[in-house]
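Participant: Sequence and predicted structure are below.
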Amino acid sequence: MTASDQQTTPADHATFAHVSRGYYPTFVALFTATLLISNICATKGVAFFADSSLTLGPLQILPIITDGGFFLFPLAYILGDVLSEVYGFKSTRRAIYLGFGALILAAFCFWLLIELPSADFYENQEALRSVVGVYPRLLLAGLAGYLVGQMLNSV
């Protein structure tokens, strides 16, 4: 290792991994895929213990109602945290913007797909609309929450 290969930073500054080396592209791809898939999965409502009913005053404990992306959102946060800890805030912010760009592109594609004229034999237009038609609203809610959470986490 030559002297130019070694990074010299003052002790009071953090040193992060270089994005050109290592697994940065892999983590960004996984992060973006997790965001996309979780937002699509969120279009389904999920009820755990649907046959049970438990309330504590005004608070409903059972059944547990959530969306279909509940198991992927924590993974997106973990991947974002790994990016932040290993590659730093600037690189993490770039990954977040790439993820947001992919989500916005998906929303545009779903909107366009719904608006395109259906073939005579296609009978599932309303089913398609009910599944991906809510995506823009989920996108806006998810972007707002995720932006605040990730930006606060990356500081």
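Facilitator: Structure's in. What do you need? Fair warning: this is a prediction, and the values are worked out from it, not measured in the lab.
Participant: Show me where this structure has its helices.
Facilitator: Here the chain has its helices, by DSSP state H, at 24-41, 73-87, 89-115, 125-132, 135-153.
Participant: Now for Ala95, how many residues are close by?
Facilitator: Ala95 has 25 neighbours, counted by other CB atoms under 10 Å. From N, CA and C alone the C-beta is placed, and that goes for glycine too.
Participant: Verify the contact between it and Ala76 for me.
Facilitator: No: look at Ala95 against Ala76 with CB atoms under 8 Å: they stay out of range, at 10.8 Å.
Participant: So for the two, which residues contact both of them?
Facilitator: Common neighbours of Ala95 and Ala76 (criterion: CB atoms under 8 Å, 6 or more residues apart in numbering): Phe31.
Participant: if we can go back for a sec, next, format the helices of the chain as CSV and append distance to Ala47.
Facilitator: Formatted as CSV, the helices of the chain follow (distance: least, CB to CB, whole Å):
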stretch, distance to Ala47
helix 24-41, 15
helix 73-87, 18
helix 89-115, 25
helix 125-132, 18
helix 135-153, 18
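Participant: Please convert these to JSON lines, extending it with mean pLDDT.
Facilitator: Putting those into JSON lines (pLDDT from 0 to 100) gives the following:
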{"stretch": "helix 24-41", "mean pLDDT": "91"}
{"stretch": "helix 73-87", "mean pLDDT": "88"}
{"stretch": "helix 89-115", "mean pLDDT": "91"}
{"stretch": "helix 125-132", "mean pLDDT": "92"}
{"stretch": "helix 135-153", "mean pLDDT": "80"}
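Participant: of all those helices, which lies closest to Pro63?
Facilitator: Evaluated with CB to CB, the helices of the chain place helix 24-41 nearest to Pro63, the distance being 18.8 Å.
Participant: what's the angle from the closest one to helix 89-115?
Facilitator: 40 degrees (axes from the mean of the first three to the mean of the last three CA atoms, to 10 degrees).
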